[in-house]
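Undergrad: Sequence and predicted model, in that order:
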Amino acid sequence: MMDLKAEVTGSVWKILATPGQTLEAGEVVMILESMKMEIPVVAEHGGELVEVCVTETDAVAEGQVLARIKL
């Protein structure tokens, strides 16, 4: 299991993947917004997205778990 974590403090702008979806390495799972910039959150390894821990518009802190991928 691998956790995808926020690299910056901001808010969840858009979630692009859904639980159960198979992800490729480098695929964008969601986009964060911080200081008017869009920051993509990508899967470092391929696998199945098992959980999305946030919803769109949620405020997130740096290091917060956003999603979990089963490798």
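TA: All right, it came through fine.

Undergrad: Now do stretch 4-16: distance from first to last residue.
TA: This stretch, stretch 4-16, spans 14 Å end to end (CA to CA, to the nearest Å).

Undergrad: Averaged pLDDT, it. What do you get?
TA: Mean pLDDT, stretch 4-16: 98.

Undergrad: What is the end-to-end distance of stretch 18-37?
TA: End to end - CA to CA - stretch 18-37 spans 23 Å.

Undergrad: Work out the gap between that stretch and the centre of the chain.
TA: Taking CA atoms, centre = their mean, to the nearest Å, the mean C-alpha location of stretch 18-37 is offset from the chain mean by 5 Å.

Undergrad: Show me what it is in contact with.
TA: Contact partners of stretch 18-37, identified using CB atoms under 8 Å, 6 or more residues apart in numbering, comprise 4, 6-17, 38-52, 54, 60, 66-67, 69. All C-beta spots, glycine's among them, are computed from the backbone N, C-alpha and C.

Undergrad: Now with 7 Å, please.
TA: 4, 6, 8-17, 38-52, 60, 66-67, 69 (CB atoms under 7 Å, 6 or more residues apart in numbering).

Undergrad: Can you point out the buried residues in stretch 59-71?
TA: 60, 66-69 (16 or more other CB atoms under 10 Å).

Undergrad: just checking, which of those belong to strands?
TA: 60, 66-69 (DSSP state E).

Undergrad: Just give the number of residues close to Thr55.
TA: 8 (other CB atoms under 10 Å).

Undergrad: Kindly report the same for Val28.
TA: If we define neighbours as other CB under 10 Å, then Val28 has 13 of them.

Undergrad: Without its sequence neighbours, what residue ends up closest to it?
TA: Distances taken as CB to CB, 6 or more residues apart in numbering place Pro40 nearest to Val28, at 4.6 Å, with adjacent residues excluded.

Undergrad: How about Leu71?
TA: Per CB to CB, 6+ apart, closest to Leu71 is Gly47, 4.4 Å.

Undergrad: Thanks a lot, catch you later.
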